[in-house]
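Chemist: Sequence and computational prediction follow.
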Amino acid sequence: MAFILLILLIAVATAQAQPATLTDSRDGKTYKTVKIGNQIWMAENLNYDASSSVCYENKPANCATYGRLYNWETANKACPSGWHLPSNSEWEELGKAVGGEKIAGKKLKAKSDWNENGNGMDEFGFAALPGGYGSSDVDFNDVGYNSYWWDASENSATNAYYHSMGYYHKYANWNNLDKSYLFSVRCIKDYP
């Protein structure tokens, strides 16, 4: 009896240790997901080849590592069915769930791939990577140093919010910029 109980406990522990995944029915790509607080997030940047999206420096290897970069309009339509581009309040809820905006960067950044000793602790499995950004004239910057993700919230007719993390600090930041910039996308699961 004790042996059967031990087998059941091992099976439960193994099942809990397995990361959840999402398979995008549009292209068959599979993404890790993670539950943080009451939210379920993709634990990788989106790599769906939507029109107007690009790989950093137009190199497919960068898409494989960091996902694709999207302008704001495309980002709002890029998430798979059942998922969406997070709003400013959803990003804020994520920050609160990990201990606050002042330490969210350190806790959510991946343990590797950040330059200048900027690696994080990845305490929650979010695995934020420094995918950089592209500008409207397809000038690329900051890969290895900073990450930028679009927010579904607009600031004006021409600007929208984005959230970022940098190699040189432990906080998460948000600001707004022209919608033509090319940033990464992290999708969040729709609420039931």
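Modeler: Structure received.
Chemist: contacts, neighbours, all on C-alpha from now
Modeler: Will do.
Chemist: can you pull out the helices in the chain?
Modeler: Using DSSP state H, the helices of the chain run over 2-17, 60-66, 72-78, 88-97, 101-108.
Chemist: pLDDT of the longest one, averaged?
Modeler: In other words, helix 2-17. Throughout helix 2-17, pLDDT has a mean value of 40.
Chemist: again, but for the second one
Modeler: What helix 60-66 shows for mean pLDDT is 97.
Chemist: Equivalent analysis for the fourth one, please.
Modeler: Helix 88-97 shows an average pLDDT of 95 in the prediction.
Chemist: what packs against that helix?
Modeler: Packing partners of helix 88-97 (3 or more CA pairs under 8 Å, 6 or more residues apart in numbering; DSSP states H and E): helix 101-108, strand 146-154.
Chemist: Comparing those, which yields the minimum mean pLDDT?
Modeler: helix 101-108 (a mean of 90).
Chemist: Buried residues of that one, list them for me.
Modeler: By neighbour count on 16 or more other CA atoms under 10 Å, the buried set for helix 101-108 is 101, 103-108.
Chemist: between it and helix 88-97, how many degrees?
Modeler: 80 degrees (axes from the mean of the first three to the mean of the last three CA atoms, to 10 degrees).
Chemist: Residues touching helix 101-108, excluding its own?
Modeler: For helix 101-108, the external contacting residues (CA atoms under 8 Å, 6 or more residues apart in numbering) are 92, 95, 98, 119-128, 165-166, 169-173.
Chemist: contacting residues for the nearest residue to residue 153 once chain neighbours are set aside?
Modeler: Once flanking residues are discounted, residue 153 sits nearest to residue 87: 5.4 Å by CA to CA, 6 or more residues apart in numbering. By CA under 8 Å, 6+ apart, residue 87 lies in contact with 151-153.
Chemist: now swap in residue 24 and tell me
Modeler: Contacts of residue 24 by CA under 8 Å, 6+ apart are 30-31, 80.
Chemist: Mind doing that once more with 7 Å?
Modeler: Applying CA atoms under 7 Å, 6 or more residues apart in numbering, we find residue 24 in contact with 30, 80.
Chemist: So it versus residue 49, what's the distance?
Modeler: Distance of residue 24 to residue 49, computed by CA to CA, to the nearest Å: 12 Å.
Chemist: Next: residue 160.
Modeler: 22 Å.
Chemist: if we can go back for a sec, between the contacts of residue 87, which has the most around it?
Modeler: Neighbour tally across the contacts of residue 87 (other CA atoms under 10 Å): the maximum, 28 neighbours, falls on residue 151.
Chemist: quick one: it from residue 159, how far?
Modeler: As judged by CA to CA, residue 151 and residue 159 stand 11 Å apart.
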